[in-house]
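Asker: test case, fold it:
(chains A and B)
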Amino acid sequence: QVEQVKLLDRFSTSNKSQTGTLYLTATHLLFIDSSQRETWILHHHIAAVEKLPLTTSGCPLVIQCKNFRIVHFVVPRERDCHDIYNSLLQLSRTAKYEELYAFSYNPKQNESEQVKGWQLIDLEEEYKRMGVPNDYWQLSDANRDYKICETYPRELYVPRTASKPIIVGSSKFRSKGRFPVLSYYHKDKKAAICRCSQPLSGFSARCLEDEHMLQAISKANPSNRYMYVMDTRPKLNAMANRAAGKGYENEDNYSNIRFQFVGIENIHVMRSSLQKLLEVSGTKGLSVNDFLSGLENSGWLRHIKAVLDAAVFLVKAIAVESASVLVHCSDGWDRTSQVCSLGALLLDSYYRTIKGFMVLIEKDWISFGHKFSDRCCQLDGDPKEISPVFTQFLESVWNLMEQFPQAFEYNEAFLLQIHEHVHSCQFGNFLGNCQKEREELKLQEKTYSLWPFLLGEQKKYRNPLYNPHFSPELTLLEPNTVSFNFKFWRNMYHQFDRSMHPRQSVFDLIMNMSEQNKQLEEDIKELEAKIKRKNGQSEMVLEKEHQQPARPAPVALKTPPCFKKDQPLIPLNDAVRTIEGSNAADNRYSEFMEEFSKAEPAIVSLEYGVARMTC
Amino acid sequence: MEFAELIKTPRADNAVLHRPFYAAVEGTLCLTGHHLIFSSRRQDNAEELWLLHSNIDSAEKRFVGSLGTIIIKCKDLRVIQLDIPGMEECLNIASSIEALSTLDSVTLMYPFFYRPMFEVVEDGWSSFLPDQEFELLHAVTDEWRLSSINKEFSVCPSYPPLVVVPKSIDDDALRKVAMFRHGSRFPVLSYYHLKNGMVMMRSSQPLTGTNGRRCKEDEKLINATLRPGKRGYIIDTRSLNVAQQARAKGGGFEQEVHYPQWRRIHKCIERFNILQESLIKLVEACNDQSHNMDRWLSKLEASNWLTHIKEILTAACLAAQCIDREGASVLVHGTEGTDSTLQVTSLAQIILDPRCRTIRGFESLIVREWLQAGHPFQQRCAQSAYSNSKQKWEAPVFLLFLDCVWQILRQFPCSFEFNEHFLVTLFEHAYASQFGTFLGNNENERSKLKLPQKTMSLWSWVNQPEELEKFKNPLFEANSLVIWPSVAPQSLQLWEGVFLRWNRPSKFLDEAREEMNSIVKYNRLLQAKVNALRRQLAELETDDRM
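Answerer: Predicted structure coming up:
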């Protein structure tokens, strides 16, 4: 615990600050300012801690979080600062999975609830929903003991005609043994999205089993015998891989395939792109042009567009040509996951529901071995393995939500919350790099699943504009990927910089209103029933007095709750106003105002600075 | 002149209309004196396009064999293409369009011919008269007076006949001050802040010249607005450099020696062709669907449009802050005081004054701070983003103001009574309209053109209850607070409703907005019903008790 610590405003040019006390707990860093406002930072969220050179007011400490929160403390005594710095370094760098928060987090669930929580998402059910197994596709037991591919799940779906030797042969010809398997099956078109890793083709190697495997996939589609093979890498990267004995499919060796590069950059490019983006967006006193050129130079939106363009290409192959598509990149767990999951999201409205989105993440990301642990740096490891691949997926989904405001059951807050927990290590879902590792860690026994908690508070994540039956065209989303449609995701990268956001949220307001509408509908029913009863009652009083003894009880019982219901209605109204911030007496708005009165003079004093010089 | 002389081919059959995101339509094209009319001949789903000639910014013709194509680019930024069979017809039509869309004389414009199809309930020409506005002010303070010094537009040609000035300054002094200010635009009251009695004034630059001329009356006038011992702020919308250079041409700025109670702040807001070029570049960038991400972002940056937005908003926030937070009076001016000055004073009022965020209040603001204040609409809005004329006086000053309002509206979506559609409509009518409101460059010209007698006011149409409904923001709930917008680049956005309006299908967004509106409407309905039922129940209960 350190007192008299200052929390600096990130974007204020005049070093405005709040003074308060900093507490270090086993799991969180906590700052309480003089007005008792609390800032909680989970140790696992800390991406970097930096001690800046000593200043007159104390020792500055900058903490960067994985959820893009950046806090800037000034600790009065250097020794304290040093202590905090060291503790945070230790606490934020975990060496072993067992030390992660998820293993100590206890949400007061009993064992059966815990088990049920883990069973909430059942991928077998999901494949059934897609219509698999069927005449063309079956469950393969080849990987039941993770013998063929360690990073794949146990249950894999393959074409019926792909025999075990073909599977084994093909897996030997694919990087990390990740042979082509089913990711999504489109019932109507009978076309499939399959995924794998790059072939070990080098400059000329071929593998008959692998060729058979692809043929089996194309034959499993009665609507179109041609299939697409999408290599999601830039052509240059794929060609360079040939020198290392890897590479891409030679169209001449495979019958009936159409090969296509789509040019999504690798994890290292993405990592440095995000780094550049954050540098720009974190600049104090940023000009519009510096922001735009910084955005351009970071390449971030270009990468998001590339990912979405790839998904659109995939969807067109399936929806227009009824052709199956095999997607791969290098190892088939980063770009491949992005493209397969986004493709499925565009094709199937189920994935645009809250539950469906969880299923999609479980299927294409968790079970197929996207290396969450490495990519999100859950354990102290190789910084070169870190990459915002999953963040890009969420951002692509957000872009789709912006274009199709009524197509998604969930809202932006849902995406942000998932992003938060991918890094929080509070739940077991995202720990580890593949299913095998998760089983070895006994996550299902020792930790809890995130999904039941999100479902439990799904009210917060509902899109009030969602309309599942809104129009049949919406089953298939055809996003417009012209560059101007892609915007900087302010709510992600400046989630914690409140002064940058609209002071009134239409979304919150509409959400509250549609909640309130449900409540009002109930009230109306209740009131109508009561009036009916009253009317009936008074008639009965007049007509059949002997029946009265039976009646009053429920009426007498029921009346008070109704009148108490009057009250919740008014606060509910108030809650709506709170978000609008239209009421001067309102706390939350005055909080904004207070914040603003602190942040805004920054501009003025800057101007006055200029004024002084010019006067 | 007869319009018929200009129309060599009044009608072309079998023309084809192409618009982005719509299927091509075959039909008949007709030219009238003021409209280009395209009508599909299909019986089942007759479609008609009426385009004002004055809305046409440029028309290009192209030929492939005997099939002619005219590409029409409008001031509201829409681009359409017409295929016209027959080379002669096409040439005739193209030259007619060219001639009709660039009529020299104002009195030939459509507003002078337009006859409304609606009944005028309230004449918009007299909806916002200066003396009525002054009554409101007079009710709270008697420090100001309404001067009719400019009755015959004799003192300042670009000011209205009536102006509000400090009570202690008589008309003789005003005449002297007018001599000392560019274009005779002496300081007048722009806004009175009810909360603390602070004021915002606007004027043009003082004519100090290189030898530092001074004018005692000018000093006295603006000092009259200060409380004893208080300082005020002069916001000069030019950079210090530009202001200094202006001295060489007889202009200049208030020297601190002569205005010791005032602190001068320079903000750099661009003008004229810099803004026009910015608009041209922005629209060019938005219209090209083939740009890759890097090119799009660098084009957006190169247009500088959002930089202008940020500069204007920052200056307006600054003025508002001086008044509300610092408790100081403010004088705003640039060079002529007809462009950037008005952007700042009107936006500051939107930030400070809840009244300006209502539909009526916003209309009144536009009348006061733009039309009566002498923003030269006819010059500035003569052409839009597609013109090649490059006249110095063309500049999207008003569009920038509307864009800034939109930015604030986006950040405070519940604090405005009007919606985005209202702003877009104002943009359209400022550039091409059947109403006379935005014709002329100042009140002087408007009165010479007899616009109130000869044309219809935009406000007469807008303020009809059924039209008004379309401009209402369903989320509006009066917010009496000052609203401080964020001017961080991350908070500013491209105004898609104007710049991407014709460049992408908006079906899903429109439907979502509809859904939102219906949720709000349903909410009102339910609330009303619950209240009614409660009352009914309460009555029943009192009956019971009796």
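
Asker: show me where the stretch 1-150 of chain A has its strands.
Answerer: In the stretch 1-150 of chain A, the strands defined using DSSP state E, counting those that start in this stretch lie at A:2-8, A:17-24, A:28-33, A:38-42, A:46-51, A:59-65, A:70-75, A:137-140.

Asker: may I see those strands arranged in JSON lines, with distance to B:Asp131, mean neighbour count and mean pLDDT as well?
Answerer: C-beta coordinates here come from the backbone N, C-alpha and C atoms, glycine included. Shown next, in JSON lines, are these (distance: least, C-beta to C-beta, whole Å; neighbours: other C-beta atoms under 10 Å in any protein chain shown; pLDDT from 0 to 100):
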{"stretch": "strand A:2-8", "distance to B:Asp131": "52", "mean neighbour count": "18", "mean pLDDT": "79"}
{"stretch": "strand A:17-24", "distance to B:Asp131": "50", "mean neighbour count": "18", "mean pLDDT": "88"}
{"stretch": "strand A:28-33", "distance to B:Asp131": "52", "mean neighbour count": "19", "mean pLDDT": "90"}
{"stretch": "strand A:38-42", "distance to B:Asp131": "55", "mean neighbour count": "16", "mean pLDDT": "91"}
{"stretch": "strand A:46-51", "distance to B:Asp131": "64", "mean neighbour count": "16", "mean pLDDT": "92"}
{"stretch": "strand A:59-65", "distance to B:Asp131": "60", "mean neighbour count": "19", "mean pLDDT": "92"}
{"stretch": "strand A:70-75", "distance to B:Asp131": "55", "mean neighbour count": "20", "mean pLDDT": "90"}
{"stretch": "strand A:137-140", "distance to B:Asp131": "82", "mean neighbour count": "20", "mean pLDDT": "96"}
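
Asker: packing partners of the biggest helix by length in chain A?
Answerer: Longest helix in chain A by number of residues (criterion: DSSP state H): helix A:506-543. The helices and strands touching helix A:506-543, judged by 3 or more C-beta pairs under 8 Å, 6 or more residues apart in numbering or on different chains; DSSP states H and E, are helix A:552-580, helix B:507-545.

Asker: relative to helix B:507-545, how tilted is it?
Answerer: 30 degrees (axes from the mean of the first three to the mean of the last three C-alpha atoms, to 10 degrees).

Asker: buried residues of helix A:506-543, list them for me.
Answerer: Within helix A:506-543, the residues that count as buried by 16 or more other C-beta atoms under 10 Å in any protein chain shown are A:506-517, A:520, A:523, A:526-527, A:530-531, A:533-534, A:537.

Asker: domains of chain B?
Answerer: B:3-103, B:130-504 (the TED database).

Asker: repeat that for chain A.
Answerer: Split by the TED database, chain A gives A:2-94, A:131-498.

Asker: using JSON lines, lay out those domains together with distance to chain B.
Answerer: Formatted as JSON lines, these follow (distance: least, C-beta to the nearest C-beta, whole Å):
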{"stretch": "domain A:2-94", "distance to chain B": "7"}
{"stretch": "domain A:131-498", "distance to chain B": "4"}
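
Asker: mind putting those into a markdown table with distance to B:Tyr259?
Answerer: Formatted as a markdown table, the domains of chain A follow (distance: least, C-beta to C-beta, whole Å):
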| stretch | distance to B:Tyr259 |
| --- | --- |
| domain A:2-94 | 27 |
| domain A:131-498 | 30 |
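
Asker: pick the most deeply packed of the ones you listed.
Answerer: Here the criterion is mean neighbour count by mean count of other C-beta atoms under 10 Å in any protein chain shown, and of the domains of chain A the winner is domain A:131-498, at a mean of 20.

Asker: poorly predicted segments of the stretch 51-200 of chain B, please.
Answerer: For the stretch 51-200 of chain B, no stretch has pLDDT under 70.

Asker: which single residue in it comes nearest to chain A?
Answerer: Residue of the stretch 51-200 of chain B nearest chain A, by C-beta to the nearest C-beta: B:Lys195 (11.6 Å).

Asker: helix or strand: which one has that residue?
Answerer: Assessed by DSSP states H and E, B:Lys195 sits outside every helix and strand.

Asker: still on that earlier bit, hey, least reliable of the domains of chain A by pLDDT?
Answerer: Lowest mean pLDDT within the domains of chain A: domain A:2-94, a mean of 87.

Asker: quick revisit: comparing the domains of chain B by mean pLDDT, which bottoms out?
Answerer: domain B:3-103 - the lowest mean pLDDT of those, at a mean of 90.

Asker: so does it get close to chain A?
Answerer: No: for domain B:3-103, no contact with chain A is found by C-beta under 8 Å from any C-beta of the partner chain; the gap never falls below 9.9 Å.

Asker: now do that domain: distance from first to last residue.
Answerer: 10 Å (C-alpha to C-alpha, to the nearest Å).

Asker: for B:Tyr191, give me its contacts.
Answerer: Neighbour list for B:Tyr191: B:199-200, B:323, B:345, B:348-349, B:352-353 [criterion: C-beta atoms under 8 Å, 6 or more residues apart in numbering or on different chains].

Asker: also A:Asp231?
Answerer: A:198, A:238, A:248-249, A:259-262, A:328-329.
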